[in-house]
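> My questions concern the predicted model and sequence given below.
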Amino acid sequence: MVTFDEADAGNEAEQHHDALTITLSIGNCNVQKVLVDTGSSVNLIMFETLKVMGFNKENLIKKSVPLVGFSGETAHSVGEITIPTYIEGVNKLVRYLVIEGPATYNVILGRPWLHKMKAIPSTYHQCLKFLTPWGVVKVKGDREEFRSCYKQALKATTKLPS
């Protein structure tokens, strides 16, 4: 059984509104700035991230899927790719939709990954937990990484009056 208690929060228990941001291994590369998003119905990876990992457009399955954001804006994927994704002793083949353009995060892990992992995230405790054959595994979020992403997003959206 997976449970959370105040000990899981540790020093994170002070009032905060941070999203859960982690680092994990995708295709044998450590990828930072990975947002765990229970509101996303897909797993996303940015094309720029794939390029840094050594992939190119020939590695993608061409697939244009409309993606609707929180405020109703629409973007289309440029393809999809399935890559081994490893975290704390568990390796799964994960399907990602690939998008181009500027992004705050390198990867967004949505409900498909969470369900495949049977992982339970807690933004309050800044961690996620899942069962393995060896017991419950806890992955701590990186609040500093989240705050860096948040500042980057604010810079991109803040417009100075002219």
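That came through, no problem. This structure is a prediction, so every number in the text was calculated from the model and none was measured.

> And the helices in the chain, which stretches?
Under the criterion DSSP state H, the chain contains helices at 6-9, 47-52, 111-117, 143-157.

> List the neighbours of the shortest one that are in contact with it.
Helix 6-9 is touched from outside by 13, 122, 124, 125, 126, 127, 138, with contacts defined as CB atoms under 8 Å, 6 or more residues apart in numbering. Where C-beta positions appear, they are placed from N, C-alpha and C, glycine not excepted.

> tell me the mean pLDDT over it?
Across helix 6-9, the average pLDDT comes to 82.

> ditto for the last one
In this model, helix 143-157 carries a mean pLDDT of 67.

> where does this structure have low pLDDT?
Scanning the chain with the threshold set as pLDDT under 70 gives 11-15, 143, 146-147, 149-151, 153-162.

> same thing but at 80, please
10-16, 69-71, 142-162 (pLDDT under 80).

> Which parts of it are strands?
Using DSSP state E, the strands of the chain run over 20-26, 29-36, 44-46, 66-68, 74-76, 79-87, 90-99, 107-109, 120-122, 127-132, 135-140.

> and those strands, which is most packed in?
With neighbours taken as mean count of other CB atoms under 10 Å, the strands of the chain reach their highest mean count in strand 107-109, at a mean of 27.

> which helices and strands does it pack with?
Counting contacts by 3 or more CB pairs under 8 Å, 6 or more residues apart in numbering; DSSP states H and E, strand 107-109 packs against strand 29-36, strand 44-46.

> strands paired with the shortest one, and their directions?
Next to strand 44-46 in the sheet, as set by DSSP bridges, lie strand 90-99 (parallel), strand 107-109 (antiparallel).

> May I see the ones you listed organised as TSV, with distance to residue 48 added?
Listed next are these as TSV, based on distance: least, CB to CB, whole Å:
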stretch	distance to residue 48
strand 90-99	10
strand 107-109	11
